[in-house]
Each structure stands twice: as C-alpha cells, then as structure tokens.
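Trainee: sequence first, then the predicted structure, then my questions.
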Amino acid sequence: MLLSRISSHINSLTVQIFALFWLTFSILLALAFFVPTLDARAYTELKGDDLRYYQNEVVIAIRHNHISRLLNSPMALGLERRNNESYIDPPPNMPRPVLVNSHRAIIGAKDDDVQPLQKFIYQSDNPAHPMTKRFFDVQISGPFLITTGQNKQDNYMLYFVRKVNPQQEFISFIFDHPFIMLLLFMLISSPLLLWLAWSISRPMRRFLYAANAVALGNFQINKELEEDGTREFRLVGRSFNQMIKAIDELISNKQRLLSAISHELRTPLTRLQLAAALMRRRKGECTELTRIDMETERLDKMINDLLLLSRQQLNSHLLRDTFPINEIWEDIFSDAQFEAEQRHLDCRIQVQIDEPTQHFINGNLMSLSSAIENVIRNALKYTNSKIQVSVYLENKSLMVQVDDDGPGVPPEEYDQIFEPFYRVDAARTRETGGTGLGLAIVANAIKQHQGEVWADKSPLGGLQIMIKLPLWID
C-alpha cells in the first residue's frame, strides 16, 4: 500500500516537473562552478601533490647547485648575459628554475619566457600561497622563498618554468567567450528539457486527437488516455472518456426517441388516411376530404424528413468513401434543368472547374447529393423566374453557390433558416407545403463532412445559399 502511494506520487506530473527543474538547475550550477576550473590558463593555487612536487623541486634545485649557478651568473652580477651561463637547461619535461630579486629583476629566464613571467609575477608574489598558470606552451609556478642572507634584500623568489603542450585554441576560445559557454550549458541541459516537454506534449497530443475525433462526431472511448502518461493525465483521461460515454448515450437516446416518435406517428396517420379513403368511397369527393388529404400528405412528408434527419445524425460516419467531386452533381443538374424547363423557369448552371474528376471528396455521396439537390429544389420552389448555380474551387474547398430571384429572407433570419422546424412565413409554408426541415437536413449533412453552409443576399434579388466542402487531400 505504501509503495503504491509512493509510486503514485513519483508518477505525478507536479513531482516530475519539480524534480527535473531542480536537477537541471543543479547541473547548470555545478557546470558554472566546475567548468572554469578546467581552463589551464587560469591562476590556480598549488595544493596537495602539486605543492609537494614543487617543494621537492626546490630541494633538487638547491642540492644540484642550480640556485648557486643562477646567483653567480653574469646577469645576477650585473654583467652582459652569456647564453650558456644565464639559465639552467633541465632535462625534457622538467621545470627550469628562475630567480626574481627584490627589485623584480628576472634571473635565469629565456627571452621567450620573460613577458609571461612578468605577468605571472605581478599576480603571484606571495610565497605563502604559490600559484600556477599556463601561458600557451609555458607553465609557470611559484613563488618559493630563497634566503641567501640575513638582509631581506638578499631574499629571492624562485619560480619554475616548464614547457607544456598548448591548450587547443577552440577550448581557449570557449573559455574567453562566456556567451559561447552559456550556449554549451543550454545545449547540455536541452535533452532534459526536451524530455520534459515530450513527456507533457505526448499525452496532450492524444487528448488533441481524441477531442478532434469527438468534434467530428466519433464518440469512441480511447483507453490509452487512462493508461499512459502521468497520474494527472490519466485522471483527466478517465474523466474525458466518461464524458464521451455520457455524450454518446445522450445523443443516442435523443435520436432513438426522435425515431420512435416518428414511427409512432405513422400509426394514427395511416388510420387517418384509411378513414378518409373509406369516407370518400361512401360520400364522394368534398372540400373537407381534400383538406384532410393535403394535411396528411404534409404530415407524412414531415415524418419522412424527421426520420431522414434522425438516421443522418445517428449514422453520420457510416458508408463513407472517396469519390470525384463531379459525381455529386452529375444527375442533379440535368434533373434541375428539366424541371425548370417544365415550369418555364430560367436555370443557369456554371461548373467553373477544370478536370473535376481530378479532385476528390471523402464522405457519403448520397448524403451530399441529397443536400445539394435539396438546396436547388428549394430555389426552384421559391424563385420567380430564374435560378443560377455556380460550382468552383477556392482554398482547397469545393464551393456550390445557388441564387434565386424569389422573395428572399430577412437578413436577421439567415442563420435561423437552418434550424429544424423554422419557418420564415407560415402562410408561404402552407402554400408550398414546406415542413421546415429541408435546410436543417442540408446543414446537418454538410457539417458532418466538416463543411459549412450559410445564407446571404443574392445578386438576383432573392436568397443565396453557399456550400463549402473541404477536398480530400491524399
């Protein structure tokens, strides 16, 4: 039980972020203090083995009379320097002793070593804390006090000069430019920060895909949301799946209820139609029976539209396929032109697409064809004399524009006409036999294909319906 609770806290996003932040901060802080010590050109105090090594070299220099030779050299005596007697030439890789008197005169140094020695002496002149520093291919260490008499003026500072391999230039360049070093620190810490970002973004991407699927009407539960990621993400994933399940049940119950009501309405409607037929057979035709027939037909059409809308919403992702865009209107346009000719209307159709067979849509062909046909028939129903249908491509989308010169719709009702059972004019609805579901069915079909549909004022004077459907990009 205790181990389970500890494991749960370790898998917590809060703990992981906190721990990773302090780990990264500690690493950067350690590097900030440690890396400069790797610069061989930095002044470093001699300690431990290094100090004991040079103390031993001091003893060797005295024992082998190196100090005496330097003190008796022409330079120490104020004479002109002679090459063989002016400095000690030790074995390879061994330090060469150099003396500095109280006037800071350098004794026993080669010409190339004088300038770095002067710089080093200026920074390190305390024999209680000897230091070391590298100047390109020369390493200088010291000072060590050498006493030759009771007078302080007889005291000398002993330094050691040794040839070393020069520090590579790119390393020196890094140490000389703190900004470059900062970039290196950032580069070193980037893997940890990338891992943190990845550990957060990976489950977030799953949530994004799941949310997009829900937005498209796919209410399938994703178990990965509950099983992967930190504890917080798993809890959110469990709640997200519960929400999907609740929404799916709510929508399914709504559609089943609507479908059941529509089916139940058919029973009394059928009885009413049967009773009207029996009455017509007994008493003959009359105005009341004609009105009953008209209203029952309207009710029957409304029930059919309700069933269609219910099935459309319930089965929004079934029977999808990829097909050329021209298949949507192949039969619709010819039927519309034929109907317009029979009613003596001007029907103009413009397909402004080169090679429409090369462009595709993924969806339900019957549903899309029915939606566009519904809009065109609606225009034919309300137009005065002409309609115009334009088909073209825009921003990787198929655009279908239907205009008529009918009475139109008030601008404030452009959005409302796509709602179920909405009627602009009840009197006109009775004359045309509308149910108020046609454009709602159109809007539902288009939205299920991630498209858009809207109304506007037509240049012909009536209503303009615009349909936008995204093309399938393979």
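Mentor: Cool, the structure landed.

Trainee: buried sites along stretch 118-125?
Mentor: Neighbour-count burial for stretch 118-125, counted by 16 or more other C-beta atoms under 10 Å, picks out 120-121, 124. The C-beta positions use only the backbone N, C-alpha and C, and glycine is treated the same way.

Trainee: actually stretch 399-408, not the one I wrote
Mentor: When neighbours are counted by 16+ other C-beta under 10 Å, the buried residues of stretch 399-408 are found to be 399-406, 408.

Trainee: give me the neighbour count for Y392.
Mentor: 13 (other C-beta atoms under 10 Å).

Trainee: you'd agree it is in a helix?
Mentor: No: the assignment for Y392 (DSSP: H, G, I helix; E, B strand; the rest coil) gives strand, which keeps it out of a helix.

Trainee: so in terms of bridging, what pairs with it?
Mentor: On the basis of DSSP bridges, Y392 is bridged to M399.

Trainee: now R348
Mentor: Under the criterion used here (DSSP bridges), R348 is bridged to Q388.

Trainee: show me the contacts for it.
Mentor: For R348, the set of contacting residues under the criterion of C-beta atoms under 8 Å, 6 or more residues apart in numbering consists of 386-389.

Trainee: who does the longest helix along the chain touch, helix- and strand-wise?
Mentor: Under DSSP state H, the helix in the chain containing the largest number of residues is helix 231-283. Judged by 3 or more C-beta pairs under 8 Å, 6 or more residues apart in numbering; DSSP states H and E, the packing partners of helix 231-283 are helix 13-34, helix 178-215, helix 224-227, helix 287-314.

Trainee: how about a cut-off of 6 Å?
Mentor: For helix 231-283, the helices and strands in contact under the criterion 3 or more C-beta pairs under 6 Å, 6 or more residues apart in numbering; DSSP states H and E are helix 224-227, helix 287-314.

Trainee: how far is it from where the chain is centred?
Mentor: Its chain's C-alpha centre and that of helix 231-283 lie 41 Å apart, by C-alpha atoms, centre = their mean, to the nearest Å.

Trainee: ok, back up a step: can you put the contacts of R348 in CSV and add pLDDT, neighbour count and distance to I188?
Mentor: Supplementary listing: the contacts of R348 in CSV, determined by pLDDT from 0 to 100; neighbours: other C-beta atoms under 10 Å; distance: C-beta to C-beta, whole Å:
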residue, pLDDT, neighbour count, distance to I188
K386, 93, 17, 74
I387, 94, 26, 70
Q388, 95, 20, 67
V389, 95, 24, 65
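
Trainee: and the furthest pair within these?
Mentor: Put simply, by C-beta to C-beta the two of the contacts of R348 set farthest apart are K386 and V389, 10.9 Å from each other.

Trainee: count residues in the vicinity of T357, would you?
Mentor: 11.

Trainee: quick one: it and P324 touch, right?
Mentor: Yes: using C-beta atoms under 6 Å as the test, T357 is close enough to P324 to be in contact (4.5 Å).

Trainee: check which residues of the helix or strand where E341 lies are buried.
Mentor: E341 is part of helix 326-342, with elements assigned from DSSP states H and E. Of all the residues in helix 326-342, those buried under the rule 16+ other C-beta under 10 Å are 327-329, 332-333, 336-337, 340.

Trainee: and it, average pLDDT?
Mentor: The predicted model assigns helix 326-342 a mean pLDDT of 91.

Trainee: next: stretch 465-474.
Mentor: Mean predicted confidence for stretch 465-474 is 89.

Trainee: centre of the chain to it, how far?
Mentor: 26 Å.

Trainee: also stretch 375-393?
Mentor: Going by C-alpha atoms, centre = their mean, the spacing between the C-alpha centre of stretch 375-393 and its chain's C-alpha centre is 43 Å.

Trainee: between the two ends of it, how far is it?
Mentor: Across stretch 375-393, the terminal residues are separated by 19 Å (C-alpha to C-alpha, to the nearest Å).

Trainee: mind listing residues that contact that stretch?
Mentor: Counting contacts by C-beta atoms under 6 Å, 6 or more residues apart in numbering, the residues outside stretch 375-393 that touch it are 336, 346-353, 399-406, 432, 438, 442, 465.

Trainee: just the ones in strands from the residues you listed, please.
Mentor: 346-351, 399-404, 465 (DSSP state E).

Trainee: what's the closest of those residues to I303?
Mentor: Closest approach between the ones in strands among the contacts of stretch 375-393 and I303, by C-beta to C-beta: I465, at 25.0 Å.

Trainee: so that closest one makes contact with V402?
Mentor: Yes: taking C-beta under 6 Å as the definition, I465 is a contact partner of V402 at 4.7 Å.

Trainee: put the alpha carbons of stretch 102-113 into CSV.
Mentor: Coordinates of the C-alpha atoms in stretch 102-113 are reproduced here as CSV (Å, rounded to 0.1, in the frame of the first residue of the first chain):
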residue,chain,number,x,y,z
SER,A,102,63.7,42.3,-4.6
HIS,A,103,63.8,44.7,-7.5
ARG,A,104,61.8,42.2,-9.6
ALA,A,105,64.8,41.6,-11.9
ILE,A,106,64.4,38.2,-13.5
ILE,A,107,67.4,35.9,-13.5
GLY,A,108,67.7,32.7,-15.5
ALA,A,109,64.8,33.2,-17.9
LYS,A,110,65.0,32.7,-21.6
ASP,A,111,63.9,35.6,-23.8
ASP,A,112,60.6,34.0,-24.7
ASP,A,113,59.7,33.5,-21.1
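
Trainee: list the helices and strands the helix holding E341 packs on?
Mentor: Judged by 3+ C-beta pairs under 6 Å, 6+ apart, the packing partners of helix 326-342 are strand 346-351, helix 365-382.

Trainee: got TSV for the ones you listed, with distance to H449 and mean pLDDT too?
Mentor: What follows is the helices and strands packed on helix 326-342, written out as TSV (distance: least, C-beta to C-beta, whole Å; pLDDT from 0 to 100):
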stretch	distance to H449	mean pLDDT
strand 346-351	20	93
helix 365-382	7	91
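
Trainee: ranking these by burial, who's on top?
Mentor: Relative to the other members of these, helix 365-382 carries the highest mean neighbour count by mean count of other C-beta atoms under 10 Å, namely a mean of 20.
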